[in-house]
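1. Got a sequence here, can you build the structure:
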Amino acid sequence: MSTIFEQPTDLLQAVGKHLGFSDWLEIDQQRINLFADATGDHQWIHVDPEKAAAGPFGKTIAHGYLTLSLANLFLPQIMEVRNTSMGVNYGCEKVRFPAAVPVGSRVRGGGEVISAEEVKGGVQVVVRMTIEIEGSERPACIIDTISRFFP
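-> Now for the predicted structure:
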């Protein structure tokens, strides 16, 4: 269930608000391989299950940037800004990868509004997204996403 903001200016009063969590998503080998093909990163730790079985994680792991890219999938699941003409990804800050995501793991994103300010024609919001691994004490990724919403 996403947190709904009726208009972009409502974000200005949301600093400190936790937005909830996305659905769980299983990270399978097909997703990892498709990401490898899209980015050209075919390192064995990601795409060679046989070699990775003898590696440090005992199986293949998702690319860090694959995990990071899931913020784009999870953010609309945890927040909706209505009455906008457009919303854009403006960037990100403070990206960290505290834990690897082994193939077969389930991940989800949770978010908190860190800051919000008016910008020319709209509102800029920073949401700290934490991508969790089911059953893990450490998250896979922590990222401050920057979005702009225009009425």
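2. any idea how far residue 16 is from the spatially most central residue of the chain?
-> The centroid of the chain falls nearest to residue 71 when counting by Cα atoms, centre = their mean (2.0 Å). Using Cβ to Cβ, to the nearest Å, one obtains 20 Å as the distance from residue 71 to residue 16. Every residue, glycine included, has its C-beta placed from N, CA and C.
3. Tell me where the chain has helices.
-> Secondary structure of the chain by DSSP state H: the helices cover 29-39, 44-47, 49-53, 64-69, 71-78.
4. Could you save those as JSON lines and add columns showing mean pLDDT and distance to residue 8?
-> Below are those laid out as JSON lines (pLDDT from 0 to 100; distance: least, Cβ to Cβ, whole Å):
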{"stretch": "helix 29-39", "mean pLDDT": "98", "distance to residue 8": "32"}
{"stretch": "helix 44-47", "mean pLDDT": "98", "distance to residue 8": "38"}
{"stretch": "helix 49-53", "mean pLDDT": "97", "distance to residue 8": "44"}
{"stretch": "helix 64-69", "mean pLDDT": "97", "distance to residue 8": "24"}
{"stretch": "helix 71-78", "mean pLDDT": "96", "distance to residue 8": "15"}
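5. so which of these comes closest to residue 11?
-> helix 71-78 (13.0 Å; Cβ to Cβ).
6. where's stretch 33-44 relative to the chain centroid, distance-wise?
-> 19 Å (Cα atoms, centre = their mean, to the nearest Å).
7. Buried ones in that stretch, by neighbour count?
-> 35, 36 (16 or more other Cβ atoms under 10 Å).
8. And stretch 47-60, by the same measure?
-> Result for stretch 47-60 [16+ other Cβ under 10 Å]: buried residues 47, 52, 60.
9. Kindly report the same for stretch 133-151.
-> 133, 139, 140, 141, 142, 143, 144, 145, 146, 147, 148, 149.
10. cool, stretch 105-122 as well?
-> Buried-residue list, stretch 105-122, by 16+ other Cβ under 10 Å: 105, 107, 108, 109, 110, 111, 112, 113, 114, 115, 116, 122.
11. Please name the residues that touch the residue nearest to residue 17 when sequence neighbours are not counted.
-> Spatial nearest neighbour of residue 17, chain neighbours left out: residue 113 (5.0 Å); criterion: Cβ to Cβ, 6 or more residues apart in numbering. Taking Cβ atoms under 8 Å, 6 or more residues apart in numbering, we find residue 113 in contact with 11, 14, 15, 16, 17, 19, 125, 126, 127.
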